[in-house]
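Undergrad: A structural model of the following input is requested.
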Amino acid sequence: MKNLVIIITVIGLGLFHSSQVVAQDIHFSQFYMNPLQQNPAMAGAVYGIEANINYKDQWRAVGAPYKTFALGYHMRYEKKRSQGGFLAGGVNFFSDKAGDSQMGTGQGNLAMAYHFKANEYNRIGGGVQVGYFQRKIDYTNLQWATQFDGTAYNASLPAGIPAGQASFTRMDVGAGVSWVYNNTGGDIKVTDNHDLNFTAGVAVMHINRPKFSFLNTDERLPMKVVLHGNGVISLGESSKMAVCPGFMYYRQGPAQEIYVGTLFRYLLAQDSKFTGFRHGAALYGGAYLRTRDAITAKFIIEYAGWGFGVSYDINVSSLKVASNTRGGLEFSLRFVAPNPFMSTYGADHSRY
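TA: Sure thing, here's the model as predicted:
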């Protein structure tokens, strides 16, 4: 059974049969904790400074686990409150290793964005990113159907495929636009539970369609279209609750992903604007649905400029027969400035 799982996994990843399958990008369930991975126009869109760390461990019940690690940093290039537009830039990296072959992809990107103020509460931004990725594979741990002798696996039998290169490096290009609505972005300063914020965007990644084959074929990474949106809707000044809906849509080649859900925020404390002795804090909890794949339970805690999130994917697709509904455990850590609990221009609390 283990051999069969490895064979199916390797073929499904599109290592050698590009005419039948298409390689796909990594994804995080807490996508709002990794903004540059979704859209380069998110650089500086919400906060003046933002740093992120993400880690995902998935499919432990189906052979060797898949592990993904990412980090990012971006900031605005403005010295004081801007009445017009501003530049922003950032960097993001990720490392992904999959299965017994330790097939890995590592990528680093530089992003630049420009945002202009459409009116008192709305900003529009556009961004581009350029980076390089490297793919690696270890052939020594792979097993193939041609090595089944009718009774058991026999390592002395030929693999039945030509040996490919162990690694290669390619350039990658992406671009996108973003929109941010923030009811605290104008002259009114809101310090109670009175948020009405929205963030949305569209991006096209892998515009140059880099080659993606270990066998030097013309297999290319398909362009990926990303649509995303999030909001924070407070339930009134007399309530500490807020509804935080969100969605993410990917389309890459013949594959697509629809991810939609809602979190609920409970405001534990608002920052003291006058003494500075008390820091704001909030709890978030809820669930998202990745259609025909998984239900994700999520929990986030925020304190001052820090945020920590944990989520777990419960597999509901046909893979649950092998996975026993066990999907992926994910952690995220974020730091932002200005403090999101102080309602000022540049702190648009519209991330979830």
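
Undergrad: all contacts plus neighbour counts: C-alpha atoms, from now on.
TA: Noted.

Undergrad: which element follows the helix-or-strand element of the chain with minimal mean pLDDT toward the C-terminus?
TA: Ranked by mean pLDDT, DSSP states H and E, the weakest helix or strand in the chain is helix 2-12, scoring a mean of 38. Going down the chain from helix 2-12, the next helix or strand is helix 35-38, by DSSP states H and E.

Undergrad: got the CA positions of that next one in PDB?
TA: Taking C-alpha atoms only, helix 35-38 is exported to PDB below (Å, rounded to 0.1, in the frame of the first residue of the first chain):
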ATOM      1  CA  PRO A  35      -0.300  38.600   1.900                       C
ATOM      2  CA  LEU A  36       2.600  38.800  -0.600                       C
ATOM      3  CA  GLN A  37       2.200  35.100  -1.400                       C
ATOM      4  CA  GLN A  38      -1.200  36.000  -2.800                       C
END
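
Undergrad: helices or strands next to that helix in the packing?
TA: When contacts are defined as 3 or more C-alpha pairs under 8 Å, 6 or more residues apart in numbering; DSSP states H and E, helix 35-38 packs onto strand 85-98.

Undergrad: partners of the strand it packs on, with directions?
TA: If you go by DSSP bridges, strand 85-98 pairs up with strand 66-77 (antiparallel), strand 103-117 (antiparallel).

Undergrad: any chance of those strands in a markdown table, with distance to residue 26 and mean neighbour count too?
TA: Below are those laid out as a markdown table (distance: least, C-alpha to C-alpha, whole Å; neighbours: other C-alpha atoms under 10 Å):
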| stretch | distance to residue 26 | mean neighbour count |
| --- | --- | --- |
| strand 66-77 | 8 | 22 |
| strand 103-117 | 9 | 21 |
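
Undergrad: of those, which is nearest residue 128?
TA: Closest of the strands paired with strand 85-98 to residue 128 is strand 103-117, at 5.6 Å (criterion: C-alpha to C-alpha).

Undergrad: residues making contact with the closest one?
TA: For strand 103-117, the surrounding residues in contact (C-alpha atoms under 8 Å, 6 or more residues apart in numbering) are 36, 40-45, 83-98, 123-138.

Undergrad: select only the buried ones of those residues in ChimeraX?
TA: Selection command for ChimeraX covering only the buried members of the contacts of strand 103-117, criterion 16 or more other C-alpha atoms under 10 Å:
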select :36,40,41,42,43,44,45,86,87,88,89,90,91,92,93,94,95,96,97,98,123,124,125,126,127,128,129,130,131,132,133,134,135,136,137
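
Undergrad: number of nearby residues for residue 65?
TA: Residues lying near residue 65 (other C-alpha atoms under 10 Å) number 18.

Undergrad: show me the shaky parts of the stretch 51-200 of the chain.
TA: Where the stretch 51-200 of the chain drops to pLDDT under 70, the residues are 59-64, 79-83, 99-101, 160-163, 185-193.
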